[in-house]
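1. Sequence and predicted structure below; questions after.
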Amino acid sequence: MNLVDGTKLTYSQLRSLDMSRAVCFWPVSALEVHGPHLPLGMDLFMARWMAAEAGRRFAAAHRDWTVVQLPPLPLGTDELPLAGSMEVTQRNLYAALLAHARSLVRAGFRYIVVTNGHGGPRHAAALEAACRRISKRHRVQMFSPSVLVLHRLITGQRTQEVERRLGRALTEPETTGLRGGEHAGTLETSFMLAEEPELVDAKYRVLGPVRPPIFAPLERMGAFLASWWEGLGRDAARLRLTTEGLAGGVGWLLNARYGYGGPVVSYQGDPSVASAELGAAFRDVMAADCLEIVEAVTSGTVRAQDVRSIASDPVVIQPGFWAKIGLGVAALLVLLML
C-alpha cells in the first residue's frame with residue numbers, strides 16, 4: 001500500500017521509507033467564522049480534503065511512491081475577529097510552521113506539500129514564506145499550492161474547466177457569485193454541500209450577495225498610487241489588485257471589530273446560488289490543479305520555491321516585515337544620536 005496514515009507509522013516503518021520517493025501532505029488552516037451557515041472548520045475541511053484527494057490521485061498514478069498523510073494543524077491568522085474564530089499572530093504561525101517542518105526534515109522527508117483552505121493574506125504569505133525558507137535551508141522541496149489553485153478559480157481562470165465538468169455553462173448568478181469575492185459564498189458553500197451537506201445550515205438558500213465595506217482612505221490612496229504609476233508608463237494592474245485587497249481586508253476588520261460601514265458582515269459573496277453540483281465540479285478542478293503542481297515538483301520540472309501565489313508578492317504582508325522596519329528605524333535613531 002503506497003498511501004499511509006502518518007500517525008500510524010512506527011519508527012521502524014518511517015526509517016524504512018525510500019524518502020527519494022515519498023511525499024507527505026500536511027493540511028494547515030484556520031478555524032474561523034464562515035457566515036451564519038457554514039461550520040467554523042470550513043477552511044480546515046478544505047485543506048484536509050485537498051491533501052486527501054490530491055494524495056490519493058498521486059498515489060494511484062505513482063505506485064512506486066509512498067504518500068504519507070499527516071494530521072491537520074488548526075492554526076491560522078488574518079481571520080474575522082468574531083466569536084468562534086481561533087487566531088494566532090502571523091509570527092506565531094510562521095514559527096510553528098518552521099518548527100514542524102524542521103521535524104519533518106529531520107524525519108527524512110524531502111517532499112512536503114502544505115495544503116490550505118484559508119485565504120487570509122498574511123496566513124497564505126506565512127505558509128509560502130515558510131515553505132521557501134525550509135526548501136532553501138534544508139535542500140528539500142516544501143511548497144503550498146492551495147492559494148494558487150483557489151485564486152485561479154475565483155478569478156475565472158478555470159471557468160472553462162468547471163463548465164466542462166458540469167456539462168453546461170455557468171449561469172450569470174453562478175459566475176457573479178464565484179468571481180465577486182469569496183468567503184462562505186458560492187465556492188465554499190458549494191464545496192461543503194458536496195463534502196458534508198449535513199453541516200450546511202439550510203438558511204444559505206436565502207442569504208443574498210453581500211460585500212463587506214471597503215476602507216475608503218486606503219482605496220483612494222491605492223487609486224492615486226496606481227494612477228501615478230500608470231502615468232510613468234508602468235503597468236499598475238498588480239498594484240491595483242493588491243491595494244484593493246488590502247482596503248477590503250482593513251474595511252472588513254474594522255467592520256467586525258467596530259461596526260465600520262454598518263452591521264457586522266460574516267460572509268462575502270452569494271451562498272444562495274451554491275449547489276452540490278457546482279461543488280463537485282469545483283473540487284475536481286481544484287484536485288486536478290493541485291495534483292498537477294505536485295507532479296511538476298516531484299518530477300523536478302518545477303522548483304518548490306517557484307510555487308507562489310499573489311500572497312508572496314506584497315512585501316508588507318510577509319513575515320517579519322514590520323519587525324525589520326522597526327529594527328531599521330531603531331538603528332537609524334542610534335546613528336543619529338552618535
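-> The structure has been received and is ready for your questions.
2. Quick check: Trp26 is in a strand.
-> Yes: when the secondary structure is assigned by DSSP: H, G, I helix; E, B strand; the rest coil, Trp26 falls within a strand.
3. any idea how far the closest residue to it other than its chain neighbours lies from Thr115?
-> Using CB to CB, 6 or more residues apart in numbering and skipping the chain neighbours, the partner closest in space to Trp26 is Leu70 (4.4 Å). Every C-beta, even on glycine, is put in place using the N, C-alpha and C of the backbone. Using CB to CB, to the nearest Å, one obtains 10 Å as the distance from Leu70 to Thr115.
4. Now for those two: what residues contact both?
-> Phe25, Trp26, Pro27, Ala51 (CB atoms under 8 Å, 6 or more residues apart in numbering).
5. Skip the chain neighbours and tell me the closest residue to the last one.
-> Right, Ala51. Nearest residue to Ala51 in three dimensions, chain neighbours excluded: Phe25, at 3.8 Å (CB to CB, 6+ apart).
6. Measure how buried that neighbour is and give me the count.
-> One way to gauge burial is a neighbour count; for Phe25, by other CB atoms under 10 Å, it gives 26.
7. Now do the buried residues in the helix or strand encompassing Ala124.
-> When elements are defined using DSSP states H and E, Ala124 is found to belong to helix 121-138. By 16 or more other CB atoms under 10 Å, the buried positions in helix 121-138 come out as 121-135, 138.
8. Which strands and helices lie in contact with that helix?
-> When contacts are defined as 3 or more CB pairs under 8 Å, 6 or more residues apart in numbering; DSSP states H and E, helix 121-138 packs onto helix 90-107, strand 111-115, strand 141-143, helix 146-154, helix 237-258.
9. Give me the mean pLDDT for it.
-> Here the mean pLDDT over helix 121-138 is 97, rounded to a whole number.
10. I would like the residues contacting it, please.
-> Counting contacts by CB under 8 Å, 6+ apart, the residues outside helix 121-138 that touch it are 28, 30, 76-79, 90, 93-94, 97-98, 101-102, 105, 112, 114, 116, 118, 140-144, 147, 245-246, 249, 303-305, 307-309, 311-312, 314, 317-319.
11. Any of the residues you listed buried? List them.
-> With neighbours counted by 16+ other CB under 10 Å, those contain buried members at 28, 30, 76-79, 90, 93-94, 97-98, 101, 105, 112, 114, 116, 118, 140-144, 147, 245-246, 249, 304-305, 307-309, 311-312, 314, 317-319.
12. right, and the residue nearest to Ala51 touches Thr66 too?
-> No: with the criterion set as CB atoms under 8 Å, Phe25 and Thr66 do not qualify as a contacting pair; they are 11.5 Å apart.
13. Now Leu38, what are its backbone angles?
-> With angles defined as degrees, to the nearest 10, Leu38 sits at phi -110, psi 150.
14. just to revisit the earlier point, please identify which of Leu70 and Thr115 sits among more neighbours.
-> Neighbour totals were compared for Leu70 and Thr115, and Thr115 leads with 27 against 22 (other CB under 10 Å).
15. Below-threshold pLDDT in the stretch 151-300 of the chain: ranges please.
-> 180 (pLDDT under 70).
16. Helices of that one, start to end?
-> Counting by DSSP state H, counting those that start in this stretch, the stretch 151-300 of the chain has helices at residues 159-166, 172-179, 186-195, 216-231, 237-258, 276-298.
17. Using PDB, list the CA coordinates for the last one.
-> Read that as helix 276-298. Listed in PDB are the C-alpha atoms of helix 276-298, where the atom choice follows Å, rounded to 0.1, in the frame of the first residue of the first chain:
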ATOM      1  CA  ALA A 276     -23.600  20.200  -4.600                       C
ATOM      2  CA  GLU A 277     -23.300  20.000  -8.400                       C
ATOM      3  CA  LEU A 278     -21.100  23.100  -8.500                       C
ATOM      4  CA  GLY A 279     -19.200  21.800  -5.500                       C
ATOM      5  CA  ALA A 280     -18.300  18.600  -7.300                       C
ATOM      6  CA  ALA A 281     -17.000  20.500 -10.300                       C
ATOM      7  CA  PHE A 282     -15.000  22.900  -8.200                       C
ATOM      8  CA  ARG A 283     -13.500  20.100  -6.200                       C
ATOM      9  CA  ASP A 284     -12.500  18.100  -9.300                       C
ATOM     10  CA  VAL A 285     -10.800  21.200 -10.800                       C
ATOM     11  CA  MET A 286      -9.000  22.000  -7.500                       C
ATOM     12  CA  ALA A 287      -7.800  18.400  -7.100                       C
ATOM     13  CA  ALA A 288      -6.500  18.300 -10.700                       C
ATOM     14  CA  ASP A 289      -4.700  21.600 -10.400                       C
ATOM     15  CA  CYS A 290      -3.100  20.600  -7.000                       C
ATOM     16  CA  LEU A 291      -2.000  17.300  -8.500                       C
ATOM     17  CA  GLU A 292      -0.500  19.000 -11.500                       C
ATOM     18  CA  ILE A 293       1.700  21.100  -9.200                       C
ATOM     19  CA  VAL A 294       2.700  18.200  -7.100                       C
ATOM     20  CA  GLU A 295       3.600  16.200 -10.200                       C
ATOM     21  CA  ALA A 296       5.700  19.100 -11.500                       C
ATOM     22  CA  VAL A 297       7.700  19.500  -8.300                       C
ATOM     23  CA  THR A 298       8.200  15.800  -7.700                       C
END
